[in-house]
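[1] coordinates for the following, if possible.
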Amino acid sequence: MASTPTQAPATGPAEAAGLITGADVTTLWGLLARRAALTPDAPLLLADGADGPIRITCAELAARAERVAAGLLDEYAVGPGARVCWQLPTRVETVVLSMALARLGAVQVPIIHIYREREVAVALRQTGARLFCVPGTWRGTDYVELAAAASGELVYRPRVLVVGTGPDALPEGDPALLPPPPTDGEKVRWIYYTSGTTSQPKGVRHRDASLIAAGVGLALALGARPDDVGSIAFPVAHIGGPDYLAMMLSVGFPALLLEAFVPADAVAAFRRHGVTLAGGSTAFYTALLTASRQSPTPGQPLVPTLRLLAGGGAPKPPELFTEVRRELGVPVAHGYGMTEIPMITQGSPADSDDALMYSEGAPLPGVEVRVVGSDGAVAPAGAEGEIRVRGATVCAGYTDAEATAAAFDEDGWFRTGDLGVIRPDGHVTLTGRLKDVIIRKGENVSAREVEDLLYQHPKVGAVAVVGLPDAERGELVCAVVEPAAGEPPPTLAELVAFLRAAGLMTQKIPERLEILDALPRNATLKILKHELRARYAP
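    So this is what the prediction gives:
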C-alpha cells in the first residue's frame, strides 16, 4: 500500500473549483504532494509494460519519488541545489526520478535523447553536474558510452547512473531521513539546453513557478478535466515535459506515456487507454491524418474517445485545422512557446474556428505580449513586428550573462525573434522568424506565407521554404517538399502554377524545388531548417 508523502500542504481555496494553481503551490513537489493528498487513488501515469498495462496513482508516484529521493541522497549525495543531468526516454521511471529530484530541491538538467557528444559535453561542463542518469543502450545508442565521451575532458567526471525499467530501476531509501521539501518556487531548479546551430548551445534557466504557470495556463486554455486522459508522446526531457505534468497535477487527470511516437502503435495505445487529449507538433497532426486515411475502417473514428488535439513548436497551416476537423472529427488548439518561454499563447476549444485556424491562441494568464516594429517602437494593432514577451512563464535568463543581456530589451521584455501580429480579438498570429525572412532582390519574402499555401497542394505532405545565397538575387526562394503519402512528388512547374493561381506575387514564388522522402526534424518533430540551408547552399 502506497503511503501519502510527507508534509502535504493543506487544501487551498482554488481546489473548490477542482484546480490547484500556482497561487496555491509554487513548487512542483508541492503540486504533487497536494494532488496525492486530494486524490491519492486517482491514476496519474499510464503505460504499456512488457507484462501488461502500468497504472500509477497519485499517491504511488509521490511515495515512490520520496523513496528514490532518499536513495539518491544516501548513495549519490544528491541534496538541495545539487546539479543532476538526465538523458532518459519518456517512461514512468523518468517521471519518478524527476519528481524525486524535485523533492530534494536539486537542479535538474534534462537532455533531449537526440543530443550527442557536443551538446551533452556543454551541459556537463557548464553545470558541473556530479550525477548523469542515462538509459544504457536505447534505440541503438549506447548512452553510457556517450556519457564517457562527453565527459572525457572534464576535470571532474560525473558519476553515471543507468536507469532501466521496473521497481529496481532506481535506488531507494528511507524517506524519514530526507530533509524538508523545498518551498521556494522562485529558485532556479531547471536548466534546459537549446541546440545551437552555429554557436555553442545555451543553457536556459527555469523556476518551478514558471513551469507551473505554464502548466496551469495550458489546463485553463484546453478546458482540461479530471476525467480526461492525456498523452505524452513527445520526449519528457523537452521543456514541455514538466509543463504537461504540472497540468496533469493541477487538474488531476492521468496521461499515457509513450517512449517513441510511432503513429500506428500510438493510435493503438490511444484506443486501449481511452485518450481524450493528444498532441505534439504539426507533424503529429499530419501523422494522425495519414493514419486515418490508411485505416482499414474508413469512416470510423481513429480514436473514438479523442476530443481535442493540442500542441505547438512549429507553424500550423490553416488548412491542417480544416482537414483534422473534417477527417478526425476534433478541433486543433495550437499554441506558441519556446524553451525560454514554454507557454506564451494557447488556442482553446472555446475559440472560434477562425481563431483556431489563423492564430496560435491568446496569451496565458500572467503573460503579456507586444509587437515591436523594425524601428523599435511598439507596433499598432494588426501590424507585423517582432513578438516580445514578459510575465510568469518567462525564464530567468541563460547560464551565460551576455546571452541573458542580449535576450531582453531595455524594458525587460524577452526578444523572441519571431514575427507576428496581434489580432483584434487579442489572439497572436505568427508570420515567421526574423531570420526566416528571405530577402530576394530587396523584397521581403515570408517563408511562412509560402509554406501555408504550398501545404494546400494535394501532392505536398510537408514543406519548408528557405532562402539560399544567390549572386544575382541576394537570396533565392527554395521549397523543400516531403511528398504526401501515396502521391508522386510535385514538379516545380506544378507548384509555380498553383501559387500563381492562389494570387501569390511573382517575387515570392520559389525558383527552386528539392524533394526529400522525409524532412529533417528534431525530437519534437520540428523541421530543422538550418540543416536544409546547409545541405542546399552553393
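
[2] for this protein, what helix or strand is lowest in average pLDDT?
    When each helix and strand of the chain is scored by mean pLDDT, DSSP states H and E, strand 443-446 comes last, with a mean of 84.

[3] which strands or helices does that one pack on?
    Where contact means 3 or more Cβ pairs under 8 Å, 6 or more residues apart in numbering; DSSP states H and E, strand 443-446 is packed against strand 437-440. C-beta coordinates here come from the backbone N, C-alpha and C atoms, glycine included.

[4] dump the strand it packs on to PDB, restricted to CA.
    Extracted as PDB, the C-alpha positions of strand 437-440 are listed here (Å, rounded to 0.1, in the frame of the first residue of the first chain):
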ATOM      1  CA  VAL A 437      12.600  36.400 -43.800                       C
ATOM      2  CA  ILE A 438      14.100  35.800 -47.300                       C
ATOM      3  CA  ILE A 439      15.300  39.000 -48.900                       C
ATOM      4  CA  ARG A 440      15.100  38.500 -52.700                       C
END
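
[5] picking up where we left off before, given the least confident helix or strand of the chain, what are its sheet partners and their directions?
    strand 437-440 (antiparallel) (DSSP bridges).

[6] for the record, mean pLDDT for the partner strand?
    For strand 437-440, mean pLDDT rounds to 87.

[7] adjust the sequence numbering to begin at 24 for everything that follows.
    Right, with 24 as the first residue, what we last looked at is strand 460-463.

[8] other residues contacting it?
    Contact with strand 460-463 is made by 442, 467-470, 488-490, 496-500, 530-531, as judged by Cβ atoms under 8 Å, 6 or more residues apart in numbering.

[9] in helices only, show me these.
    The members of the contacts of strand 460-463 that map onto helices under DSSP state H are residue 470.

[10] need the worst-confidence member of the contacts of strand 460-463.
    If you rank these by pLDDT, residue 467 sits at the bottom with 81.

[11] the spatially closest residue to that residue that is not a sequence neighbour: neighbouring residues, count only.
    Excluding the flanking residues, the one nearest residue 467 by Cβ to Cβ, 6 or more residues apart in numbering is residue 460, at 5.3 Å. Around residue 460 there are 16 other residues, counting by other Cβ atoms under 10 Å.

[12] ok, now the one 3 residues further on?
    Residue 463 has 19 neighbouring residues, counting by other Cβ under 10 Å.

[13] thinking again about what came up before, partners of the residue nearest to residue 467 in the sheet?
    residue 469.

[14] find the nearest non-adjacent residue to residue 122, please.
    Take residue 122 and drop its neighbours on the chain: the residue closest to it by Cβ to Cβ, 6+ apart is residue 88, 3.9 Å away.

[15] what sits against that neighbour?
    With Cβ under 8 Å, 6+ apart, residue 88 has these contacts: 28, 55, 119, 122-123, 125-126.

[16] show me the domain layout of this protein.
    The domain map for the chain lists 44-235, 284-456, 464-559, with the assignment taken from automatic domain parsing.

[17] got the end-to-end distance for the second one?
    Start to finish, the residues bounding domain 284-456 are 27 Å apart (Cα to Cα, to the nearest Å).

[18] please apply the same query to the last one.
    Across domain 464-559, the terminal residues are separated by 20 Å (Cα to Cα).

[19] how about the longest one?
    By Cα to Cα, the extent of domain 44-235 from end to end equals 8 Å.

[20] centre of the chain to it, how far?
    17 Å (Cα atoms, centre = their mean, to the nearest Å).

[21] tell me the buried residues in stretch 102-112?
    Within stretch 102-112, the residues that count as buried by 16 or more other Cβ atoms under 10 Å are 105-112.

[22] Three-state assignment for the nearest residue to residue 480 once chain neighbours are set aside, please.
    For residue 480, ignoring the flanking residues on the chain, the nearest one in space by Cβ to Cβ, 6+ apart is residue 521 at 5.2 Å. At residue 521, secondary structure determined by DSSP: H, G, I helix; E, B strand; the rest coil is helix.

[23] so what's residue 521 up against?
    Counted by Cβ under 8 Å, 6+ apart, residue 521 has contacts 476-477, 479-480.

[24] of these, closest to residue 452?
    residue 476 (15.5 Å; Cβ to Cβ).

[25] which secondary structure elements does the one helix or strand the closest one maps to contact?
    Using DSSP states H and E, residue 476 sits in helix 470-478. On a contact count with 3+ Cβ pairs under 8 Å, 6+ apart, helix 470-478 meets helix 341-351, strand 451-456, strand 483-493, strand 497-506, helix 515-524.

[26] report the buried members of the contacts of residue 521.
    476-477, 480.

[27] was I right about residue 383 contacting residue 357?
    Yes. Between residue 383 and residue 357 a contact is recorded at 5.6 Å, counting by Cβ atoms under 8 Å.

[28] shared neighbours of the two, which are they?
    335, 339, 370.

[29] what angle do strand 451-456 and the host helix or strand of residue 394 make with each other?
    Assessed by DSSP H and E, residue 394 sits inside strand 390-395. Using axes from the mean of the first three to the mean of the last three Cα atoms, to 10 degrees, the inter-axis angle of strand 390-395 relative to strand 451-456 is 50 degrees.
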